[in-house]
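Chemist: What follows is a predicted structure for the sequence shown.
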Amino acid sequence: MTSSDTLPIPRLASAADTHEHAWLVESRHPTSEGVVLYVRCAGCDSRRVDLAPRAEMPPTALSRAVVTPSAR
């Protein structure tokens, strides 16, 4: 049997994909582009980097959520 005759192996969703994150700011640093926020999810301990270009605008993600080794 060749690989074209078999079904693909299903990929299990990671913990980061199974819930809506509740991001908490761990630290923030002003830059020329705005304030960079280092955030952590309260539920799964994933981490992400956000940018808040102006105080009146919500932050946007600069990176994707990454699960830390201690949270696996």
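Modeler: Great, that's in hand.

Chemist: okay, now Leu51: neighbour count?
Modeler: 16 (other Cβ atoms under 10 Å). C-beta here means a position set from N, CA and C on the backbone, and glycine is covered the same way.

Chemist: name the helices or strands packed onto whichever strand or helix holds it?
Modeler: For Leu51, the element it lies in under DSSP states H and E is strand 46-52. For strand 46-52, the contact count by 3 or more Cβ pairs under 8 Å, 6 or more residues apart in numbering; DSSP states H and E identifies strand 23-31, strand 34-41, strand 60-61, strand 66-67 as packing neighbours.

Chemist: Could you point out which of these sits nearest Thr6?
Modeler: Nearest of these to Thr6, taken as Cβ to Cβ: strand 66-67 at 29.4 Å.

Chemist: circling back: now render the helices and strands packed on strand 46-52 as CSV, adding distance to Pro53.
Modeler: As requested, these are exported to CSV (distance: least, Cβ to Cβ, whole Å):
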stretch, distance to Pro53
strand 23-31, 10
strand 34-41, 4
strand 60-61, 8
strand 66-67, 22
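
Chemist: Pick the most buried one from the ones you listed.
Modeler: Using mean count of other Cβ atoms under 10 Å, the stretch among those with the greatest mean number of neighbours is strand 34-41 (a mean of 18).

Chemist: Distance from the chain centre to it, please.
Modeler: Put simply, strand 34-41 sits 11 Å off its chain's centre (Cα atoms, centre = their mean, to the nearest Å).

Chemist: Same check on stretch 52-59?
Modeler: With Cα atoms, centre = their mean, you get 18 Å for stretch 52-59.
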